[in-house]
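In: sequence and predicted structure are below.
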Amino acid sequence: AALQALKRKKRYEKQLSQIDGTLSTIEFQREALENSHTNTEVLKNMGYAAQAMKKVHQNMDLNKIDDLMQDITEQQDVAQEISDAISNRATFGDEFDEDELMAELEELEQEELNKGMRDVRLPSVPSTSLPSGP
């Protein structure tokens, strides 16, 4: 009876080993199926995304986009110029050419000097003759 129990035990261990191997194989297959399913879903969703992007970009033209970006840049430049013009202090005629002002000042000074020279009274020339040399 003990020998029979030992043989049965060996058979059961062998069956257990086979069942364990079968379970491991089934587990690997299940994981492979899950990964395949996940990959299929990812690929399908990537296809949907590609189609959606095509549809979105269908009406877009690179030349139009470049033109639009140039227009935006130009308008930003105009807005900056307007902002600069508004933020600058208003001078209202305070802007004169320094060189022109200096030339006008020198001219006025020269006229004043000339006027002053006209009013200078020089002594009259002596009417007597000068003595001859020694």
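Out: Happy to help now that I have it. These numbers were taken from a predicted model, which means no experiment stands behind them.

In: walk me through the domains of the protein.
Out: 1-59, 61-91 (the TED database).

In: and those, which one is worst for confidence?
Out: The minimum mean pLDDT among those belongs to domain 61-91 (a mean of 88).

In: how far does that one sit from the chain's center?
Out: Its chain's C-alpha centre and that of domain 61-91 lie 14 Å apart, by Cα atoms, centre = their mean, to the nearest Å.

In: report the buried residues of that domain.
Out: Of all the residues in domain 61-91, not one is buried under the rule 16 or more other Cβ atoms under 10 Å. Glycine gets a C-beta too; all of them are placed from N, C-alpha and C.

In: mind checking which helix or strand Gly21 is in?
Out: Using DSSP states H and E, Gly21 sits within helix 2-57.

In: give the next helix or strand downstream of that helix.
Out: helix 62-87.

In: distance between the helix or strand that comes right after that next one and the chain's centre?
Out: Counting by DSSP H and E, the element after helix 62-87 in chain order, helix or strand, is helix 98-118. Here the centre of helix 98-118 is set off from its chain's centre by 55 Å, with Cα atoms, centre = their mean.

In: equivalent analysis for stretch 54-64, please.
Out: 23 Å.

In: so how far is the first residue of that stretch from its last?
Out: 17 Å (Cα to Cα, to the nearest Å).

In: one more: stretch 52-64?
Out: Length of stretch 52-64, first residue to last, Cα to Cα: 21 Å.

In: and the helix holding Gly21, what does it pack onto?
Out: Taking 3 or more Cβ pairs under 8 Å, 6 or more residues apart in numbering; DSSP states H and E as contact, there are no helices or strands that helix 2-57 lies on.

In: ok now it, how far from the chain's centre?
Out: 52 Å.

In: closest one to Met102 among the domains of the chain?
Out: Nearest to Met102 among the domains of the chain is domain 61-91 (19.3 Å), distances taken as Cβ to Cβ.

In: rewinding a little: format the domains of the chain as a markdown table; extra columns: distance to Glu111.
Out: Compiled in a markdown table, the domains of the chain are given as follows (distance: least, Cβ to Cβ, whole Å):
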| stretch | distance to Glu111 |
| --- | --- |
| domain 1-59 | 76 |
| domain 61-91 | 29 |
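
In: I'm done for today, thanks for sticking with me.
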